[in-house]
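Asker: I would like to see how this sequence folds:
(chains A, B, C and D)
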Protein chains: 2
Amino acid sequence: MPNLRFLRGYNDAVVLGLARSGAVTRVELAERSGLTPQAVSKVVGRLIGDGLLVESGTRNVGVGKPRTLLKLVADSRLALGAQVERDELRVVLTDLAGTVLDRAVAPLPPDFDPPTFVTELTRLVDGLRNDRLIGVGIGFVGPLDHRTGVVHDPTGLTAWHDVPLRSWAEERLNLPVVLDKDTNTAVVAEAWRRGEELRDAVLVLVGTGLGIGMLLDGRVHRGVRTNAGEYGHTTLQLDGPRCVCGRAGCVEALHNLAAARGDLVGATSVVGVAVADLVQLLDIDHVVLAGRAVLAEPTAYLDGVRARLPKDEWLPVDVSITPLGDDVVAAGAAMLVLSEFYGRPR
Amino acid sequence: MPNLRFLRGYNDAVVLGLARSGAVTRVELAERSGLTPQAVSKVVGRLIGDGLLVESGTRNVGVGKPRTLLKLVADSRLALGAQVERDELRVVLTDLAGTVLDRAVAPLPPDFDPPTFVTELTRLVDGLRNDRLIGVGIGFVGPLDHRTGVVHDPTGLTAWHDVPLRSWAEERLNLPVVLDKDTNTAVVAEAWRRGEELRDAVLVLVGTGLGIGMLLDGRVHRGVRTNAGEYGHTTLQLDGPRCVCGRAGCVEALHNLAAARGDLVGATSVVGVAVADLVQLLDIDHVVLAGRAVLAEPTAYLDGVRARLPKDEWLPVDVSITPLGDDVVAAGAAMLVLSEFYGRPR
DNA sequence: CCCATTAAAGCAACACTGTGTAGTAATAGC
DNA sequence: GCTATTACTACACAGTGTTGCTTTAATGGG
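Answerer: Residues are numbered from 1 along each chain as shown, chains lettered A, B, ... in the order given. Coordinates of the predicted model:
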């Protein structure tokens, strides 16, 4: 793998990634990437040739020739992303900058089977199809295998036993397809949009379950079976109430019990303790909250988490609600496709 | 950073890493690295020229010219590693293969200060000095900054406030020095010795405290402030006994309480639950146990952890005791130095 | 024993990377 | 208009892995 093509692709992605944050000049790209000005010139030349960048005016910073501003041509490449929930399918159209341009939502029947799903997906995708489309991402509930694109027995979907969803979808849609867990696509959404600012972060998705997406050292951590992030069944109370998973006192069980009895403070506090544990374990500086439960009570969850985080740390932990709202999983699935083509390789 | 020198260094490290597992041939290196046979020839030529590899006989696999066996010259490069505990300093000499060749141990006075430590370190290092030495690694208790080499206020060592230990040691020893948390050097020891087999693993160090070293996707995860792995203060019992850290029901508090009252099963079971949570969260397939407490009761800890791991998983989790015993932290510190020079860059 | 066959390894030319050198373009200040 | 300064790039270059071919060294059938 590591050859000259890899090297070029990597540097192209570095420059494109910096350009995604806003208008930049070649000089700034060289400073921030560590590449020499000559190398930046070559890379920028390639990217302009591919229609990914354009020159857009100049910026004068004192004496000397003014710097040429470079701007990302955000709508030169588009991707679709899908979020699959147990009752709903959401498809979103996203540009290179990670901006959501369009969306379509359709209900899914209870315990829908793979053929039904693929048909419905095809319908929504065709409605949003575009000649600049580079692929489709699918954010699905786990467990699944990201590398092979196979969905394994998700709870509540009885017809989904080892379904090669990626190949089925690629065949039907005639487009490259990427499959990943919903929590992972969600954290990709944050990472792609915030760029270098976000290198070590956790996205907490609180819905019917509780899962997390981990961004460690700038990359999504998926683990050996690409099923990392099952944080809902982490023990918080050794002798706590029994959980659906068979163990006792899981985060998810405690949270859902508190929520069911209307104890919002209790529910958010469970999430807060769990997140504080994660921050200590992984040493991250960003936490993003998302999911239906969070979006229904954003300030309560923000307060619940912030209150539990250690305050005397050298570096503060930034806690926020995803600005993408209900679109975060689907939009992230689209950005996962973008990152496969225009992100740093491997 | 990403230039031709990086590319060469990376491929050299890939080949050297494969050669570390045992005798290999150029053909096998090409197959396992993905490089072309010609590229492997060039890389191997360089490595032989540097004295890192030698040809050692042939292996016949049927018709045709027999493959030439290549062997790592393990003792061509050596490194020293130090483990700093609150009462003891241990320095270990290690070769390229990660084999411990020699060691020296000295007691440290209670609440020792930095000058005392550096003097003692210099004494032990000088006793083991060697002309093939490439550097010295130091495994210290956290918190510390791996990147800058500064030790921040470790508990119990009152004179250690923001001490630039790496530069001090480099000056006194006149050798490159690397500083890292003890849990991280320990997991490096396992990773360096087991090679590609170990890509996603956790090393659990149970001593007076409880910390972990994380190997994720083949790299040590350190986090933004390089202080990841503080697993001892993760909540296992929301309403549990108060911990020294100020929170309640921490893994460490529960474990130490059980151990103090002689409840070995209880103590190992706490570790088991904590490890099971980690396995689910990070999706790892290897767990290595180490530390004084574990080495005192190895089978009890092995059983305690194995009993708590989910059994119906697709992939089994391998749980083991470190074969390096008391040397694991110091030996890992030495291998950290080796990996800085001869491991994959960045 | 001879020699065709097979496989490993090396050699030479090559395409392509980022880099060093030097030259050109465009501004501010005088 | 001139000079200094800064941004950018054309070109030769060192060094990467690759392609195509040759050399080397074994097997095994006559």
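Asker: which residue does the stretch 101-250 of chain A bring closest to DNA strand D?
Answerer: In the stretch 101-250 of chain A, the residue that lies nearest DNA strand D is residue A:196 (19.7 Å; Cβ to the nearest atom of the strand). C-beta: built from backbone N, CA, C; applies to glycine.
Asker: right, and that residue touches residue A:14 too?
Answerer: No - in this structure residue A:196 lies outside contact range of residue A:14 using Cβ atoms under 8 Å: 9.7 Å.
Asker: Of these two, which one has the most company?
Answerer: Between residue A:196 and residue A:14, counted using other Cβ atoms under 10 Å in any protein chain shown, the more crowded position is residue A:14 (22 against 13).
Asker: and the more buried one, that's in a strand?
Answerer: No - under DSSP: H, G, I helix; E, B strand; the rest coil, residue A:14 sits outside any strand and is assigned helix.
Asker: Could you check the lengthiest helix in chain A against chain B for contacts?
Answerer: Of all segments of type helix in chain A, defined using DSSP state H, the longest is helix A:264-282. Yes - using Cβ under 8 Å from any Cβ of the partner chain, helix A:264-282 reaches chain B at A:273-274, A:276-277, A:280-282.
Asker: Any chance of JSON lines for these, columns pLDDT, neighbour count and distance to residue A:121?
Answerer: Listed next are those as JSON lines, based on pLDDT from 0 to 100; neighbours: other Cβ atoms under 10 Å in any protein chain shown; distance: Cβ to Cβ, whole Å:
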{"residue": "A:273", "pLDDT": "94", "neighbour count": "24", "distance to residue A:121": "38"}
{"residue": "A:274", "pLDDT": "95", "neighbour count": "26", "distance to residue A:121": "33"}
{"residue": "A:276", "pLDDT": "94", "neighbour count": "22", "distance to residue A:121": "38"}
{"residue": "A:277", "pLDDT": "94", "neighbour count": "26", "distance to residue A:121": "37"}
{"residue": "A:280", "pLDDT": "94", "neighbour count": "25", "distance to residue A:121": "40"}
{"residue": "A:281", "pLDDT": "96", "neighbour count": "23", "distance to residue A:121": "36"}
{"residue": "A:282", "pLDDT": "97", "neighbour count": "27", "distance to residue A:121": "34"}
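Asker: any idea which of the residues you listed is the one closest to residue A:68?
Answerer: residue A:282 (40.3 Å; Cβ to Cβ).
Asker: so where does residue A:18 fall, helix or strand?
Answerer: If you go by DSSP states H and E, residue A:18 is part of helix A:4-20.
Asker: Can you give the contact residues for that helix?
Answerer: Residues outside helix A:4-20 that contact it (Cβ atoms under 8 Å, 6 or more residues apart in numbering or on different chains): A:24, A:28-29, A:32-33, A:35, A:39-40, A:43-44, A:46-47, A:52-53, A:70-72, A:96-98, A:192, A:195-196, A:342-346, B:2-4, B:6-7.
Asker: Pull out the buried positions in it.
Answerer: A:7, A:9-20 (16 or more other Cβ atoms under 10 Å in any protein chain shown).
Asker: Looking at those residues, spot the one nearest residue A:291.
Answerer: residue A:20 (25.7 Å).
Asker: Spell out which residues of the stretch 51-200 of chain A are next to DNA strand C.
Answerer: A:58, A:60, A:62-66 (Cβ under 7 Å from any atom of the strand).
Asker: pLDDT-wise, what's the bottom of the residues you listed?
Answerer: Least confident entry in these, by pLDDT: residue A:62, with 82.
Asker: Give the phi and psi angles for that one, as a check.
Answerer: phi 110, psi -150 (degrees, to the nearest 10).
Asker: For it, give me its contacts.
Answerer: By Cβ under 8 Å, 6+ apart, residue A:62 has no neighbours at all.
Asker: returning to that earlier point: could you measure from the residue of the stretch 101-250 of chain A closest to DNA strand D over to residue A:17?
Answerer: Distance of residue A:196 to residue A:17, given as Cβ to Cβ, to the nearest Å: 7 Å.
Asker: so which strand or helix has whatever residue of the stretch 51-200 of chain A ends up closest to DNA strand D?
Answerer: With Cβ to the nearest atom of the strand as the measure, residue A:64 is the residue of the stretch 51-200 of chain A nearest to DNA strand D, at 2.1 Å. According to DSSP H and E, residue A:64 maps onto no helix or strand at all.
Asker: Could you give the number of residues near it?
Answerer: 7.
Asker: Pick out the residue of the stretch 101-250 of chain A closest to chain B.
Answerer: Per Cβ to the nearest Cβ, residue A:223 is where the stretch 101-250 of chain A lies closest to chain B, at 2.5 Å.
Asker: looking at it, that residue is touching residue B:282, isn't it?
Answerer: Yes - counting by Cβ under 8 Å, residue A:223 does reach residue B:282; the two are 5.7 Å apart.
Asker: Common neighbours of those two, please.
Answerer: Contacts common to residue A:223 and residue B:282, judged by Cβ under 8 Å, 6+ apart, are B:200, B:216.
Asker: In the stretch 101-250 of chain A, mark out all the helices, start to finish.
Answerer: A:114-128, A:165-173, A:182-194 (DSSP state H, counting those that start in this stretch).
Asker: tell me which residues in the shortest one are buried?
Answerer: Just to be clear, that refers to helix A:165-173. A:165-166, A:168-170, A:173.
Asker: Please apply the same query to the first one.
Answerer: If you call a residue buried by 16+ other Cβ under 10 Å, then helix A:114-128 has these buried ones: A:114, A:117-118, A:120-121, A:124-125, A:128.
Asker: okay if I get the buried residues of helix A:165-173 as TSV plus distance to DNA strand D and pLDDT?
Answerer: Formatted as TSV, the buried residues of helix A:165-173 follow (distance: Cβ to the nearest atom of the strand, whole Å; pLDDT from 0 to 100):
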residue	distance to DNA strand D	pLDDT
A:165	32	97
A:166	27	98
A:168	32	97
A:169	31	97
A:170	26	97
A:173	31	97
